[in-house]
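Visitor: I would like the atomic coordinates for the input below:
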Amino acid sequence: VERNGKHLLELINDILDISRIEAGREDVEITEFDVCRVVKELATMLEPLAVQKGIRLIMQPCAESIRIACDESKCRHILQNIIGNAIKFTEEGGVTLAVQQDGRDVEIMVEDTGIGIAEEHVEHVFERFYRVSKARSRDDGGTGLGLAIVKHLVQLFHGTIELESHLGRGTLFRLRFPLHSEESPT
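Guide: From the prediction side, this is the model:
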């Protein structure tokens, strides 16, 4: 009952998020915050899921502080979705998180040793309601909305998201955000 209740709440929240996105009513609050701190907090929060599965969640050493001007709550949402998926689809090995400053951008990498994504599915994973494996997603509570929401939010903050995956060997998500945006998101 508890698991189904959580799944239903996640589904409702995803539908509300996608509805706001489609209506162009995404509320944004730009603040300056330490992105390394946010990634470390998410790693601490999600580590029990990794431990429960018997996999490692590794946070690479991060610079003392990398400050970014963005919506912290939405940045957290993006990263929680990507890291959560990496843990969900990794059965052995682990998930590695890395944050680094690259010129005027911050780059965040989430790499797993999970099931990977077949080449023919890679270009579609950011589409709404697209699930690589419908049977597996049903078992894991996937709605097919998470990565569509992630892509929209990344673009909202003038960032990019790239995906490299090898079936049976794992996936790497690479996110880039400008440290400071000259214009506010629209």
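
Visitor: center of this structure - which residue?
Guide: Closest residue to the average C-alpha location of the chain: I82 at 2.3 Å, with CA atoms, centre = their mean.

Visitor: I figured that residue hits F173, correct?
Guide: Yes: at 5.1 Å, I82 and F173 qualify as touching, with contact defined as CB atoms under 8 Å. For every residue, glycine as well, the C-beta is placed using N, CA and C.

Visitor: before we move on, back to that, what's the residue nearest to the centre of the chain in contact with, if anything?
Guide: By CB atoms under 8 Å, 6 or more residues apart in numbering, the contact list for I82 reads V110, V150, F173, L175.

Visitor: try 7 Å this time
Guide: V110, V150, F173 (CB atoms under 7 Å, 6 or more residues apart in numbering).

Visitor: overlap in contacts of I82 and F173?
Guide: V110.

Visitor: look up how far E120 lies from H180.
Guide: Here the criterion is CB to CB, to the nearest Å. By it, H180 lies 38 Å from E120.

Visitor: list the buried residues for the helix or strand containing the residue nearest to the centre of the chain?
Guide: Assigned by DSSP states H and E, I82 belongs to helix 72-88. Under the neighbour-count criterion of 16 or more other CB atoms under 10 Å, helix 72-88 has 72, 74-88 buried.

Visitor: OK, contacts around the nearest residue to K40 once chain neighbours are set aside?
Guide: What sits nearest to K40 in space, not counting adjacent residues and going by CB to CB, 6 or more residues apart in numbering, is M59, at 6.1 Å. Applying CB under 7 Å, 6+ apart, we find M59 in contact with V39, K40, A43, L97.

Visitor: select only the buried ones of those in PyMOL?
Guide: Filtering those down to the buried ones (16+ other CB under 10 Å) takes a single PyMOL command:
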select buried, resi 39+43+97
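
Visitor: and the contacts of M59, which two are the farthest apart?
Guide: The two members of the contacts of M59 with the most space between them (CB to CB) are K40 and L97, at 8.6 Å.

Visitor: so where do the strands sit in this protein?
Guide: 31-34, 56-59, 67-70, 94-102, 105-112, 160-166, 170-178 (DSSP state E).

Visitor: next, T90: phi, psi?
Guide: phi -120, psi 120 (degrees, to the nearest 10).

Visitor: is it true that it touches V110?
Guide: No: distance between T90 and V110: 10.8 Å, which falls outside the contact criterion (CB atoms under 7 Å).

Visitor: pLDDT value on E2, please?
Guide: On pLDDT, E2 comes in at 64.
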